[in-house]
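[1] The following comprises the amino acid sequence and a computationally predicted model.
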Amino acid sequence: MSRRPVNPSRRLVESGGALFSGPSHSKSKSSPILSVGLPLLLVGALIFLVYSYSGGGGGFVNIREAVGKVEGDFSCTVEVQRAIPILAKAYGDSMHKILHVGPDTCSVVSKLRKEKETEAWGVEPYDIEDADRNCKALVKKGIVRVADIKFPLPYRPKSFSLVIVSDALEYLSPRYLNKTLPDLARVSIDGLVIFTGSPGHWKAKVSESKYGRVAKMRSSSWWVRYFVQTSLEENEATIKKFEQAATKMSYVSNCQIFHLMPFH
């Protein structure tokens, strides 16, 4: 099914801006100070949110990302973008050719391609009917592909140095996960990184996939048992490097992050 997020600003326009305007037949006129001050107050509040979630002014954060955090609408795809500097420390040269798999992959690919000596590609598991011009351009160039990840990826074995997946495996039943996860490892040379939500305190950005399946957040212990059953090994050396870099850069993830070895 197509994901069509509701645009709050559109609702205001369609309702004639009723939130800020009184009845047209009112005899009393609004105070000029009030009419100017209220919008300024709202803008100030938004700036405060952006400032707060950027670490007290320590860096730029996307406004949609800041609002999403406040509303609890937080995705692991956003986490991937936040974690790029830490991933670079942990994986080093393995960051030169990356495949990202998951919704909103265009945003991840665009950010990765701004990194020095980094080549990034993406797989979008949902339709891109509502995608922006930049995303459609990436698809047209073949940098991003729209593909059903329940089936083998359209890439040769070991096509990428590193594969990163986010907000996608939660929508697969074990039946399809048994095929998709090994296939992700198949196209990787140096490893596979999984960003996934935690059960209990997580609100998925995409509540239902186009396959009609609601996201199922699995525990860390569930994933560890699954890795063992499917002969996928966690990369202990990389896990240690990632944790050290995360501590040094004061990075705390809102997602579970797993680092897996590739198939040899």
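    All right, it came through fine. Residues are numbered from 1 along each chain as shown.

[2] quick one: the helices in the stretch 1-150 of the chain?
    For the stretch 1-150 of the chain, the helices defined by DSSP state H, counting those that start in this stretch cover 8-14, 32-53, 63-71, 76-91, 105-112, 133-140.

[3] Can you flag the weakest of the ones you listed by average pLDDT?
    Least confident of the helices of the stretch 1-150 of the chain, judged by mean pLDDT, is helix 63-71 with a mean of 33.

[4] Now do the contacts for residue 134.
    106, 110 (CB atoms under 8 Å, 6 or more residues apart in numbering). For glycine as for every other residue, the C-beta is placed from the backbone atoms N, C-alpha and C.

[5] Would you quantify the distance from it to residue 90?
    Counting by CB to CB, to the nearest Å, the gap from residue 134 to residue 90 is 28 Å.

[6] what does residue 111 give?
    For residue 111, the distance to residue 90 (CB to CB) stands at 17 Å.

[7] same deal with residue 80?
    13 Å.

[8] residues near the nearest residue to residue 95 once chain neighbours are set aside, how many?
    Closest residue to residue 95 apart from its sequence neighbours, by CB to CB, 6 or more residues apart in numbering: residue 88 at 5.3 Å. When counting by other CB atoms under 10 Å, one arrives at 17 neighbours for residue 88.

[9] Can you check what pLDDT the model gives residue 215?
    So residue 215 comes in at 79 (pLDDT).

[10] quick one, phi/psi of it?
    Per-residue torsions, residue 215: phi -60, psi 140 (degrees, to the nearest 10).

[11] okay, now it: neighbour count?
    For residue 215, using other CB under 10 Å, the count is 21.

[12] mind listing the strands for the stretch 101-250 of the chain?
    For the stretch 101-250 of the chain, strands defined by DSSP state E, counting those that start in this stretch occupy the ranges 119-124, 144-146, 162-166, 192-196.

[13] pLDDT of the third one, averaged?
    Across strand 162-166, pLDDT averages out at 97.

[14] So which residues make contact with it?
    75-77, 79-80, 87, 91, 94-95, 97-102, 108, 184-185, 187-196, 255.

[15] Kindly recompute the last result at 6 Å.
    Applying CB atoms under 6 Å, 6 or more residues apart in numbering, the contact partners of strand 162-166 are 76-77, 80, 91, 94, 98-102, 184, 188, 190-195.

[16] Partner strands of it and their direction?
    strand 97-101 (parallel), strand 192-196 (parallel) (DSSP bridges).

[17] Same check on the second one?
    Next to strand 144-146 in the sheet, as set by DSSP bridges, lie strand 119-124 (parallel).

[18] who touches the partner strand?
    Against strand 119-124 from outside (CB under 6 Å, 6+ apart): 97-101, 105, 109, 112-113, 143-147.

[19] Would you check how far apart residue 103 and residue 131 are?
    Residue 103 is 11 Å from residue 131, by CB to CB.

[20] more neighbours, the two?
    Set side by side, residue 103 and residue 131 show more neighbours around residue 103, with 23 against 18, by other CB under 10 Å.

[21] how close does the more buried one sit to residue 157?
    Counting by CB to CB - residue 103 and residue 157 are separated by 25 Å.

[22] Residue 214 too?
    The value you get for residue 214 to residue 157, if CB to CB is used, is 33 Å.

[23] Check residue 228 too.
    23 Å.

[24] farthest-separated two in the contacts of strand 119-124?
    Within the contacts of strand 119-124, two members stand farthest from each other by CB to CB: 97 and 146, at 20.5 Å.

[25] which of these two has more neighbours?
    Higher neighbour count among residue 97 and residue 146: residue 97, with 17 against 14, using other CB under 10 Å.

[26] Pull the contacting residues for the more buried one.
    Here residue 97 is in contact with 119, 160, 161 (CB under 6 Å, 6+ apart).

[27] so residue 246 touches residue 83, yeah?
    No. The criterion here is CB atoms under 6 Å, and residue 246 misses it with residue 83 at 8.1 Å.
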